[in-house]
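> Sequence and predicted structure below; questions after.
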Amino acid sequence: MHEMGIANSILEAVRTEAQRFPHGHICKVGVRIGELAGVDPDSMSFCFGALVCDSDLAPLAIEIEYCARRHRCRACQTIFPAPMEGARCPACGGTDSEFAAGDELELSYLEVEDGTSAAGA
Ligand SMILES: [Zn+2]
């Protein structure tokens with residue numbers, strides 16, 4: 001399953017980001033996955049957990065935000081969830097829309113625990 005490779009890339013990205021927080025520990029990472037990214041969120045979360053527990057970044061939780069495919073209406077510019085081509089715009093009822101989003105595969109946020117408060121303890 002290719003989720004393992006993707007989970008690994010995410011872990012690498014977190015590792016790079018972690019250098020910005022030399023005194024903190026990244027405890028949670030948010031990942032945005034679009035419907036069209038071809039990634040199964042459950043496998044992804046499983047693979048990530050398996051990689052993390054063997055790494056120096058543990059403990060590290062992952063939260064996956066699954067984003068539905070969205071289209072932009074060419075008539076009124078409304079962006080709306082579109083399960084298929086030709087979905088109807090909820091604002092004006094038009095069916096002429098273009099692909100707007102839904103293939104995301106990116107870090108959305110990092111939650112960092114500040115380690116400095118525990119210094120000397
Ligand atoms: Zn519209």
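Sure thing, it's come through.

> show me where the chain has helices.
Listed in chain order, the helices found in the chain under DSSP state H are 3-18, 41-52.

> and those helices, which is most packed in?
Between the helices of the chain, helix 41-52 has the highest mean count of neighbours, a mean of 17, where neighbours are mean count of other C-beta atoms under 10 Å. Where C-beta positions appear, they are placed from N, C-alpha and C, glycine not excepted.

> residues in contact with that helix?
Taking contacts as C-beta atoms under 8 Å, 6 or more residues apart in numbering, the residues outside helix 41-52 that touch it are 1, 3-4, 6-8, 10-11, 31, 33, 58-60, 62, 64, 66.

> For the helices of the chain, please prepare TSV with the additional fields mean pLDDT and distance to Pro83.
Listed next are the helices of the chain as TSV, based on pLDDT from 0 to 100; distance: least, C-beta to C-beta, whole Å:
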stretch	mean pLDDT	distance to Pro83
helix 3-18	95	23
helix 41-52	96	17
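
> among the ones you listed, which is nearest Val112?
Ranking these by proximity to Val112 (C-beta to C-beta) places helix 3-18 first, at 8.7 Å.

> Can I get the closest one as CSV, trimmed to CA atoms?
Taking Å, rounded to 0.1, in the frame of the first residue of the first chain, the C-alpha atoms of helix 3-18 are listed here in CSV:
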residue,chain,number,x,y,z
GLU,A,3,0.0,5.0,2.2
MET,A,4,3.2,3.8,3.9
GLY,A,5,5.3,5.9,1.6
ILE,A,6,3.1,8.9,2.1
ALA,A,7,3.1,8.5,5.8
ASN,A,8,6.9,8.4,5.7
SER,A,9,7.0,11.7,3.7
ILE,A,10,4.7,13.3,6.3
LEU,A,11,7.0,12.1,9.1
GLU,A,12,10.0,13.6,7.2
ALA,A,13,8.2,16.9,6.8
VAL,A,14,7.4,16.9,10.6
ARG,A,15,11.0,16.2,11.3
THR,A,16,12.1,19.2,9.2
GLU,A,17,9.5,21.4,11.0
ALA,A,18,10.6,20.1,14.4
